[in-house]
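In: fold the following, please.
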Amino acid sequence: MEDASSATNIDTLTMPTPEAHRLNESALIPYLSKHVKGFHGKVEVRKFRGGQSNPTYLILSEGRHYVLRKKPPGHLLPSAHAVEREHRVMTALQNTGVPVPRIYGLCEDISIIGTPFFIMEYVEGRVFWDPALPGLAPQERTALYNEMNRVIALLHQVDYKSLGLGDYGKPGNYFARQIDRWTRQYRAAETERVEAMENLIQWLPAHIPSGDETTLVHGDFRLDNLIFHPAEARILAILDWELSTLGNPLADFSYSMMAWRLTPEEFRGMRGADLEYLGIPDENRYREDYCRRTGRSGIEHWEFYLAYNMFRMAGILQGVFKRMLDGNAAAPDAFDAGRRAVPMAEAGWRIVEGIKKN
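Out: Okay, the predicted model is just below:
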């Protein structure tokens, strides 16, 4: 998707499929006709502009639109691009009140289009890329952020065991395991030495807060992974569940709040903006709203959680950059996204330096 305050037009959201990402329609269309109820008629396949990880396509058919999400081609990092997990968690959440698209099925037969994929409904609505929400009235911004806060709090209170997701991740030691995982992912995609990243890799494991808790976490809960109703401050669908697992909800929530600490140049942030003028809650108010909704008295070690998430995001962005170099990038702006790995790591280390001073 292009950078814009919001988008609802198919021509804006998608583009003709680049040759490197074309699907084998001669195999795909018969498969969909057989396995997706109601699928029929003339078909057009277009690729969504956004998504740095798993290529995502809009399938236009007579009477109904569908979304196909697949693994990218080529060599992949271990445990990455898990479309099977995305399919599983969204299927489990269908009747919980957590807004997810309707799921039509998973195909693990790589003979169809070369990789596993799943099919879900196309949800039409607004996608916001700039957290400052330009072009909206202050009261609209307030309502949208309130809804975002409500939905992530709801997600973290889902009874995942009753949904059959008790084995969706390993409970306990979440930060230690995640820091180890993203260090290994970063090393596998490393292209140069980044001092801030090296510092974070050393500091984070030695400063993990005591105590732990486990909920279902999205892993990439941020404004541009949400589809809002065309006219209401209501989330219709949470997208991009690739990184979802069982984990610490404070990691998930603090990730969703990185925009308060990052500039637009660093990564879709709003640090430096006049939030009161815009009608956007400040960091303390937004955090207090989440605590109220989840029954917390407060959140200790907040700066650690933010630093951890910037380290993690730097690892993700480095993976995007490496896929771009290898020719497997899912989006045309992969270079622009990947080059932000270094400033992201530097932003994380600045937070640690602030912790050391206090």
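
In: how's this protein carved up into domains?
Out: Structurally, the chain divides into domains by automatic domain parsing as follows: 10-121, 138-357.

In: dump the ones you listed to CSV, plus mean pLDDT and mean neighbour count.
Out: Backbone N, C-alpha and C define where each C-beta goes, glycine included. Below are those laid out as CSV (pLDDT from 0 to 100; neighbours: other C-beta atoms under 10 Å):
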stretch, mean pLDDT, mean neighbour count
domain 10-121, 87, 17
domain 138-357, 93, 18
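
In: assess the claim that Thr115 and Lys71 are in contact.
Out: Yes: using C-beta atoms under 8 Å, Thr115 makes contact with Lys71 at a distance of 4.0 Å.

In: which residues are common contacts for the two?
Out: Shared contacts of Thr115 and Lys71, defined by C-beta atoms under 8 Å, 6 or more residues apart in numbering, are found at Val83.

In: so Arg46, which of the three states?
Out: Following DSSP: H, G, I helix; E, B strand; the rest coil, Arg46 is assigned to strand.

In: dump the domains of the chain to CSV, plus distance to Phe128.
Out: Formatted as CSV, the domains of the chain follow (distance: least, C-beta to C-beta, whole Å):
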stretch, distance to Phe128
domain 10-121, 12
domain 138-357, 5
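
In: what segments of this protein are strands?
Out: Counting by DSSP state E, the chain has strands at residues 14-16, 44-48, 56-61, 64-70, 103-107, 117-121, 215-217, 226-228, 235-238, 245-247.

In: what lines up beside the fourth one in the sheet?
Out: Translated: strand 64-70. Strand partners for strand 64-70, identified by DSSP bridges, are recorded as strand 56-61 (antiparallel), strand 117-121 (antiparallel).

In: any chance of the ones you listed in a markdown table, plus distance to Met257?
Out: As requested, the strands paired with strand 64-70 are exported to a markdown table (distance: least, C-beta to C-beta, whole Å):
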| stretch | distance to Met257 |
| --- | --- |
| strand 56-61 | 26 |
| strand 117-121 | 27 |
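
In: and for Gly38, nearest residue in space, chain neighbours not counted?
Out: Spatial nearest neighbour of Gly38, chain neighbours left out: Arg64 (6.0 Å); criterion: C-beta to C-beta, 6 or more residues apart in numbering.

In: before we move on, back to that, for Trp129, which of the domains of the chain is the nearest?
Out: domain 138-357 (5.0 Å; C-beta to C-beta).

In: what about the closest one, how long is it end to end?
Out: Domain 138-357 has an end-to-end distance of 36 Å (C-alpha to C-alpha, to the nearest Å).

In: in this structure, where's the longest helix?
Out: helix 302-326 (DSSP state H).

In: for it, packing partners?
Out: helix 174-189, helix 195-203, helix 249-256, helix 334-338, helix 341-357 (3 or more C-beta pairs under 8 Å, 6 or more residues apart in numbering; DSSP states H and E).

In: now with 10 Å, please.
Out: helix 174-189, helix 195-203, helix 249-256, helix 264-267, helix 283-294, helix 334-338, helix 341-357 (3 or more C-beta pairs under 10 Å, 6 or more residues apart in numbering; DSSP states H and E).

In: include distance to Ser33 when you put those helices into CSV, please.
Out: Formatted as CSV, the helices and strands packed on helix 302-326 follow (distance: least, C-beta to C-beta, whole Å):
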stretch, distance to Ser33
helix 174-189, 38
helix 195-203, 48
helix 249-256, 38
helix 264-267, 41
helix 283-294, 44
helix 334-338, 33
helix 341-357, 42
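
In: quick check: which of the ones you listed is nearest to Met15?
Out: The closest of the helices and strands packed on helix 302-326 to Met15 is helix 334-338. By C-beta to C-beta, the value is 14.5 Å.

In: spatially central residue in the chain, please.
Out: Note on the chain: the residue nearest the mean C-alpha position is Asp220, at 3.0 Å, using C-alpha atoms, centre = their mean.

In: contacts only, for it.
Out: Taking C-beta atoms under 10 Å, 6 or more residues apart in numbering, we find Asp220 in contact with 53, 238-244, 252, 255-256, 313, 316.
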